[in-house]
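Participant: predicted model and sequence below, questions to follow.
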Amino acid sequence: MSQRLHYTLIGLFLLASGCALTPADHQPEKAVAAEDKSAPLRALPEDSVYDLLLAELSLRNHDLNTALSNYRRQADRTGDLELIASTARLADYMEQHNVAAVYAQRWLKRDAGASEAHYILAGALSRLGDPLSGLPHMIRVLELGDETNFAAMAATALGRPDAEKNAFFEALQTVQSQHPSDNSLRIALALMLQYRQREEDALELVRLALDEEPTNPHALLIETRTLSQLGRDNEAIERLKYAVDQNPRHKRLRHDLCRKLVKVDVYQAKAHYEVLARQYPQDHDILLELMLINRELSNTEEAEQQLESLSANPQQRSRAHYVLGRLAEEERDWSDALQHYQQATSLPEFNEASRRVASISLSTEGREQALSRLADWRESLPEHAEFIYLLEAEILRKADLDERGFSLLTQGLQTLPDSTELRYARSLFSERLGNLPAVEKDLRYIIDRDPNNSAALNALGYTLANRSARLDEAQRLIERALKLSPDDPAILDSYGWVLLLKGKTEAALSYLERAFAQSQDHEIAAHLGEAYWLLGREDAARAVWQKGLQDTPNSPIIYDTLQRLKLLDE
């Protein structure tokens with residue numbers, strides 16, 4: 001716990017205890033006499049005492065939510081500055097940033113020079129995604145001569161969109177130029193310079209910070225990571241060893257050292273991982289990495305014990321087996337890879353693990369065995385049945401087994417009748433089979449239940465445009481999809497195509513060009529090339545078709561287009 005948080009909690013306990021005093025008109029004479037010689041006790045309403053006593057007890061029992069609720073209620077009711085301040089402190093400690101920001105602002109309205117209120121507000125605004133608005137408050141803390149934390153704000157800014165990130169960087173540079181000797185500013189600016197790949201500038205600045213604070217863990221972290229970016233790994237390792245010696249419980253420093261040592265001295269890496277595992281026994285990622293090192297060193301018994309520990313948590317068990325599956329796959333041990341992947345049954349690993357199962361089984365066992373394996377797996381994992389059905393259907397689609405794909409998805413919909421994904425996939429098989437009524441039935445079922453499903457609107461509109469004379473209806477459906485997803489290349493292509501079919505070639509061209517700029521899909525290439533050709537831009541048409549054929553050499557839609565335009569003999 002930081003010193004600031006430690007003092008915050010002490011202050012909260014003292015406030016709660018102080019508010020539990022007997023009301024002034026019932027105090028013993030000695031208490032009144034003592035009061036005359038010091039600052040007067042705050043006069044709070046008698047019926048506030050219960051809430052504040054409850055807040056004190058809640059704090060002592062670590063029931064922070066109840067404590068915060070009571071502080072907020074009484075701060076709002078009484079307007080007492082100490083209660084407002086304590087509410088802001090506790091909300092900040094609990095990382096309830098919206099609440100912390102509100103009460104820090106109220107605190108500053110009453111006491112504009114309260115350094116702690118500025119600090120809390122700066123941090124809250126930053127964590128709420130607006131570090132630029134928080135920056136003036138942290139600057140005020142600096143001007144008041146108190147401890148600052150610009151580095152945390154810089155770290156948040158790095159996760160913001162480029163425009164916000166750049167604005168924060170420029171503002172930080174200005175502040176640092178005005179306060180060149182402030183170490184917190186040096187560290188924050190060095191972090192942003194490192195991110196912008198201005199490594200030499202970052203290194204110069206962070207080493208100025210280290211001259212003043214040689215063991216500062218944040219500065220050491222930036223220094224060593226910058227050295228790594230510069231390819232100076234040996235120097236980075238030596239500095240990390242120093243950093244860990246000076247900050248033995250700093251998790252990120254030791255973890256960085258572990259990952260560096262794995263490449264040069266796996267035994268040293270193992271020793272540091274074991275320290276981390278003791279310091280942070282609940283960190284499953286560290287245990288997983290230690291297990292992988294023990295496997296690498298053929299420490300089978302230790303690795304199995306660690307895998308068993310991970311297996312106590314379904315999520316971590318899944319992740320461990322997924323990683324082991326990837327390692328087995330890299331070693332081309334297909335049987336071991338399949339065994340591990342099929343034990344990665346929790347999200348988010350399951351989806352990729354199941355794709356790997358399908359891919360490995362297809363390439364090593366053949367299509368029918370892969371389908372059988374997936375079907376058995378689906379039966380044992382009903383919670384993942386939808387995704388596995390879709391994997392099976394994709395295998396059948398690629399094999400042009402459309403009747404089987406349609407039947408499989410019909411079977412799936414008997415079990416999962418509300419599955420939009422299965423119904424949509426079945427409509428694609430129906431379209432391939434030329435069964436327009438079935439396509440329309442499934443897609444309208446989806447649209448009736450989800451009128452804003454742009455994929456279904458687009459699919460139905462495109463199908464009607466291609467397989468019927470209902471071009472006006474097709475255009476209306478695609479227009480609805482386009483309003484919902486105006487930048488989707490598939491929908492832009494569909495809209496351009498229906499305009500082309502209606503003879504509006506010039507209007508179609510802009511949509512098709514926008515679609516192709518985002519996705520050089522062979523189907524979009526076929527449509528755009530045809531538009532160019534009809535407008536007499538034959539070289540542009542040939543270039544687009546050639547691009548489409550590079551990506552999909554046997555594109556049936558491009559060859560169909562060339563045939564319709566009688567260009568195959570050219």
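Facilitator: Great, that's in hand.
Participant: when you work out contacts or count neighbours from here on, use the C-alpha atoms and nothing else.
Facilitator: Noted.
Participant: least trustworthy helix or strand in this protein by mean pLDDT?
Facilitator: helix 29-36 (a mean of 32; mean pLDDT, DSSP states H and E).
Participant: any idea how far Ser346 is from Asp283?
Facilitator: Noted for Asp283: a distance of 18 Å to Ser346, by C-alpha to C-alpha, to the nearest Å.
Participant: neighbour-wise, which of these two wins?
Facilitator: Ser346 (18 against 12; other C-alpha atoms under 10 Å).
Participant: looks like that one contacts Ala320 (just checking).
Facilitator: No: using C-alpha atoms under 8 Å as the test, Ser346 is too far from Ala320 to be in contact (10.9 Å).
Participant: ok, Leu509 - contacts?
Facilitator: Residues near Leu509 by C-alpha atoms under 8 Å, 6 or more residues apart in numbering: 496, 528, 531-532.
Participant: so Ala344, which of the three states?
Facilitator: coil (DSSP: H, G, I helix; E, B strand; the rest coil).
Participant: next, count neighbours for the nearest residue to it once chain neighbours are set aside.
Facilitator: Among residues not flanking Ala344 along the chain, Ser318 sits closest, at 3.9 Å (C-alpha to C-alpha, 6 or more residues apart in numbering). By other C-alpha under 10 Å, the residues close to Ser318 number 25.
Participant: tell me where the stretch 301-450 of the chain has helices.
Facilitator: For the stretch 301-450 of the chain, the helices defined by DSSP state H, counting those that start in this stretch occupy 314-330, 334-341, 349-365, 367-380, 385-398, 402-415, 420-432, 436-449.
Participant: and Leu205, which of those helices is closest to it?
Facilitator: Comparing those by their distance to Leu205 (C-alpha to C-alpha), the top pick is helix 314-330, with 38.8 Å.
Participant: need the helices of the stretch 301-450 of the chain in TSV (columns: mean pLDDT and distance to Glu238).
Facilitator: Formatted as TSV, those follow (pLDDT from 0 to 100; distance: least, C-alpha to C-alpha, whole Å):
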stretch	mean pLDDT	distance to Glu238
helix 314-330	80	30
helix 334-341	87	37
helix 349-365	90	36
helix 367-380	92	49
helix 385-398	93	48
helix 402-415	95	58
helix 420-432	92	53
helix 436-449	93	61
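Participant: right, so of the ones you listed, which gets closest to Asp472?
Facilitator: Across the helices of the stretch 301-450 of the chain, closest to Asp472 is helix 436-449 (C-alpha to C-alpha), at 15.7 Å.
Participant: give me the distance from the helix or strand following that closest one to the chain's centre.
Facilitator: Downstream of helix 436-449, the next assigned helix or strand under DSSP states H and E is helix 454-467. Centre-to-centre, helix 454-467 and its host chain are 33 Å apart (C-alpha atoms, centre = their mean, to the nearest Å).
Participant: distance between the helix or strand following helix 454-467 and the chain's centre?
Facilitator: Next in sequence after helix 454-467, counting helices and strands by DSSP H and E, comes helix 471-484. Centroid separation for helix 471-484 versus its chain: 33 Å, with C-alpha atoms, centre = their mean.
Participant: quick one: contacts of helix 471-484?
Facilitator: 452-455, 457-458, 460-465, 488, 491-492, 494-495, 498-499, 501-502.
Participant: filter these down to just the buried residues.
Facilitator: 452-455, 457-458, 460-465, 488, 491-492, 494-495, 498-499 (16 or more other C-alpha atoms under 10 Å).
Participant: low-confidence regions, the protein specifically.
Facilitator: Within the chain, the segments meeting pLDDT under 70 span 1-51, 55, 569-570.
Participant: so where do the strands sit in it?
Facilitator: Counting by DSSP state E, one finds no strands in the chain.
Participant: and the most centrally placed residue in it, what are its phi and psi?
Facilitator: For the chain, the residue nearest the mean C-alpha position is Gly159 (10.5 Å; C-alpha atoms, centre = their mean). Main-chain torsions, Gly159, degrees, to the nearest 10: phi -90, psi 0.
Participant: residues touching it, list them.
Facilitator: Lys165.
Participant: now it: how far from Met192?
Facilitator: Gly159 is 11 Å from Met192, by C-alpha to C-alpha.
Participant: what does Ser485 give?
Facilitator: In this view, Ser485 and Met192 are 35 Å apart by C-alpha to C-alpha.
Participant: which of those two has more neighbours?
Facilitator: A side-by-side neighbour count of Ser485 and Met192, using other C-alpha under 10 Å, places Met192 first with 25 against 17.
Participant: show me what contacts the more buried one?
Facilitator: 154-155, 158, 169, 202.
Participant: which residue packs closest to Glu266, ignoring adjacent ones?
Facilitator: Let me fix one detail, which is that residue 266 is Val and not Glu. Ile293 is the one closest to Val266 (C-alpha to C-alpha, 6+ apart), at 7.5 Å.
Participant: same check, this time on Glu235
Facilitator: Nearest residue to Glu235, sequence neighbours excluded (C-alpha to C-alpha, 6+ apart): Leu227, at 7.1 Å.
Participant: turn the helices of the stretch 301-450 of the chain into JSON lines, including distance to Ile478.
Facilitator: Below are those laid out as JSON lines (distance: least, C-alpha to C-alpha, whole Å):
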{"stretch": "helix 314-330", "distance to Ile478": "41"}
{"stretch": "helix 334-341", "distance to Ile478": "40"}
{"stretch": "helix 349-365", "distance to Ile478": "31"}
{"stretch": "helix 367-380", "distance to Ile478": "35"}
{"stretch": "helix 385-398", "distance to Ile478": "25"}
{"stretch": "helix 402-415", "distance to Ile478": "25"}
{"stretch": "helix 420-432", "distance to Ile478": "16"}
{"stretch": "helix 436-449", "distance to Ile478": "13"}
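Participant: quick check: Ile286 touching Leu276?
Facilitator: Yes: using C-alpha under 8 Å, Ile286 makes contact with Leu276 at a distance of 7.1 Å.
Participant: which ones are touching Ala515?
Facilitator: 488-490, 492-493, 524 are the contacts of Ala515 under C-alpha under 8 Å, 6+ apart.
Participant: likewise Arg373?
Facilitator: Counted by C-alpha under 8 Å, 6+ apart, Arg373 has contacts Ser361.
Participant: that one and Leu401, how far apart?
Facilitator: Counting by C-alpha to C-alpha, the gap from Arg373 to Leu401 is 18 Å.
Participant: now Arg225, nearest residue through space, not along the chain?
Facilitator: Using C-alpha to C-alpha, 6+ apart, the nearest residue to Arg225 is Ala236, at 7.3 Å.
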